[in-house]
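Engineer: Pasting the sequence and the predicted model now:
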Amino acid sequence: MNDAVVAEVLELEHQGWQSLCDGEGARFYGALMTDDAVMILAHGFAFDRDAVIRSLQDTPPWDSYDITDATATALGPDQVILRYTGAGRRSGEPDFVALMGSIYVRIDGEWRLAHYQQTPVPAVEELG
């Protein structure tokens, strides 16, 4: 896997999280997602691009985030899957931690998000 490609898609993930912290997620993901993209979210819903945009218009911003353990695998010359552990924090709420996967496709030279999925990581106390 080309290190430059990994850096490009990882930077897009950081830009996405920052847009969620800045309250600009609807605009950012509206531009980044392919027309037929899907996000499968931790609460069990699969949202198409329009539903993602609508849901992010009313979502409170995150205070901060972390991306750790990022790895990428080429799925073809213009497709890559980025996997990582993401953590988001909002004041007064428990941290949201999930394993995340983003599939990017290059269209007309630009990386676009085609699929995204979250799998929540249970808190230590939930594991018993």
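Structural biologist: Cool, the structure landed. In this text the structure is predicted, and so the values were computed from the model without any measurement.
Engineer: mind listing what Tyr84 touches?
Structural biologist: Contact partners of Tyr84, counting by Cβ atoms under 8 Å, 6 or more residues apart in numbering, are 10, 13, 67-71, 99-100. (C-beta placed from N, C-alpha, C; glycine too.)
Engineer: What of Ile40?
Structural biologist: Per Cβ under 8 Å, 6+ apart, neighbours of Ile40: 46, 115-118.
Engineer: in the sheet, who's paired with it?
Structural biologist: Ala46, Gln117 (DSSP bridges).
Engineer: Any figure for the gap between it and Phe47?
Structural biologist: To Phe47, Ile40 is 8 Å away according to Cβ to Cβ, to the nearest Å.
Engineer: burial count for Val6?
Structural biologist: As a burial measure, Val6 scores 17 neighbours (other Cβ atoms under 10 Å).
Engineer: Apart from its chain neighbours, what residue comes closest to it?
Structural biologist: In space, and not counting its chain neighbours, Val6 is closest to Ala72: 4.5 Å by Cβ to Cβ, 6 or more residues apart in numbering.
Engineer: what's the offset of the strand or helix carrying the one you found from the middle of its chain?
Structural biologist: For Ala72, the host element (DSSP states H and E) is strand 64-76. Offset of strand 64-76 from its chain centre (Cα atoms, centre = their mean, to the nearest Å): 10 Å.
Engineer: Check the secondary structure at the closest residue to Asp48 other than its chain neighbours for me.
Structural biologist: Sequence neighbours aside, Val38 is the residue nearest to Asp48 in space, at 5.9 Å (criterion: Cβ to Cβ, 6+ apart). Following DSSP: H, G, I helix; E, B strand; the rest coil, the label given to Val38 is strand.
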